[in-house]
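Enquirer: Would you be able to build a 3D model of this:
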Amino acid sequence: MAEGTAKQLMAQQLLNAGASPAPYEYWTPQMLRDSNRQVAEAAAAEQARRDILKIEGEGAVEDPAFRTLFRPLDTEYPFLSSAKQLDLARLQAETSRRRAEAVIRGASPSELAQVREAFLGSLGKLLTPEELFEYQLRASPAAQALLAGGFKFEEEEFRRVFSSLIATAGPNALTDGVIPLSGAATANAIRQGLGEARFGEYEKSQGQFGLRAAAPARLNAVMGVRHKE
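Expert: You can find the predicted model right below:
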């Protein structure tokens, strides 16, 4: 057996060992089941990482065989270091659990807003301004709503439009997570990002599809919540 394959098998065995079997609590709301599973999986992965570091040493962090354990968010956020990916994954799991519990107990909109604000506050402390831009470019409700509008952006176009929207919304747009998507200022920001010819195509696509708000699951992505409501 190749060394890399053996290491991957060891990592999976350690993960399985750390994941204690839990009953399927069909009597529990799915939102809470999902968040509890996310927290349990995060705990199992944390234990597996500790075990691997004891066996393989610090070099395991950069070993491709253990990539999914030490860089669990590489698909979405490859610009983040291993340490920041792990911190973000913990923050996402905890926020998911807090929000699920709040929704189930019938929390008010202001209480739910506090959960979101706490997440964004922690996110702002964890990430540099450049990293926060990249994160919101992928996960913010504004970015998802832009994509839901039906226009097929090129990557660089999408980045330019999002940058224009941030500049229009103000210096706190990224940290507050509030990026308006309506009004003349927004239209001008999109025009600036796309250029006149492509903005004309954009307007036609919006006439056909309309700039729709992102679905609830997408809106929750700003807090790293993966479940559907």
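Enquirer: And the strands in the protein, which stretches?
Expert: Counting by DSSP state E, the chain yields no residue ranges for strands.
Enquirer: confidence score at Phe209?
Expert: pLDDT, Phe209: 52.
Enquirer: Over to Ala173?
Expert: At Ala173, the pLDDT value in this model is 79.
Enquirer: Which positions within the biggest helix by length in the chain qualify as buried?
Expert: The single longest helix within the chain, with elements called by DSSP state H, is helix 30-56. Buried residues in helix 30-56, counted by 16 or more other Cβ atoms under 10 Å: 31-36, 38-39, 41-42, 44-45, 48-49, 51-52, 56. All C-beta atoms are positioned from the backbone trio N, CA, C, and that covers glycine.
Enquirer: Over to stretch 7-17?
Expert: 7-8, 10-11, 14-15.
Enquirer: of those, closest to Glu130?
Expert: Checking the buried residues of stretch 7-17 against Glu130 by Cβ to Cβ gives Ala11 as the nearest, at 31.0 Å.
Enquirer: Contacts only, for the spatially closest residue to Ala169 that is not a sequence neighbour.
Expert: Once flanking residues are discounted, Ala169 sits nearest to Ile179: 4.9 Å by Cβ to Cβ, 6 or more residues apart in numbering. Ile179 makes contacts with 136, 140-142, 165-166, 169, 173, as judged by Cβ atoms under 8 Å, 6 or more residues apart in numbering.
Enquirer: ditto for Val178
Expert: Val178 neighbours (Cβ under 8 Å, 6+ apart): 169, 172.
Enquirer: Quick one: which of the contacts of Ile179 is the most crowded by neighbours?
Expert: Tallying neighbours with other Cβ atoms under 10 Å puts Ser140 at the head of the contacts of Ile179, with 26 neighbours.
Enquirer: tell me the contacts of the residue nearest to Ala89 when sequence neighbours are not counted?
Expert: Counting by Cβ to Cβ, 6+ apart, Pro72 is the residue found nearest to Ala89 once chain neighbours are left out, at 5.4 Å. Applying Cβ under 8 Å, 6+ apart, we find Pro72 in contact with 45, 85-86, 89.
Enquirer: What does Gly177 show for phi and psi?
Expert: phi 70, psi 20 (degrees, to the nearest 10).
Enquirer: ignore the last one, Phe79
Expert: phi -80, psi -10.
Enquirer: Pretty sure it sits against Leu132.
Expert: No. Using Cβ atoms under 8 Å, Phe79 is not in contact with Leu132, being 10.8 Å away.
Enquirer: neighbour count winner among those two?
Expert: Neighbour count, other Cβ under 10 Å: between Phe79 and Leu132, Leu132 has more, with 18 against 15.
Enquirer: What ranges does this structure have for its helices?
Expert: 3-18, 30-56, 67-70, 82-104, 109-126, 129-139, 141-148, 155-169, 173-176, 184-194, 196-209, 216-219.
Enquirer: Which positions within the fourth one qualify as buried?
Expert: Put plainly, it is helix 82-104. Buried residues in helix 82-104, defined by neighbour count with 16+ other Cβ under 10 Å: 82, 84-101, 103.
Enquirer: from the middle of its chain, how far away would it be?
Expert: In terms of Cα atoms, centre = their mean, to the nearest Å, the centre of helix 82-104 is found 10 Å from the chain centre.
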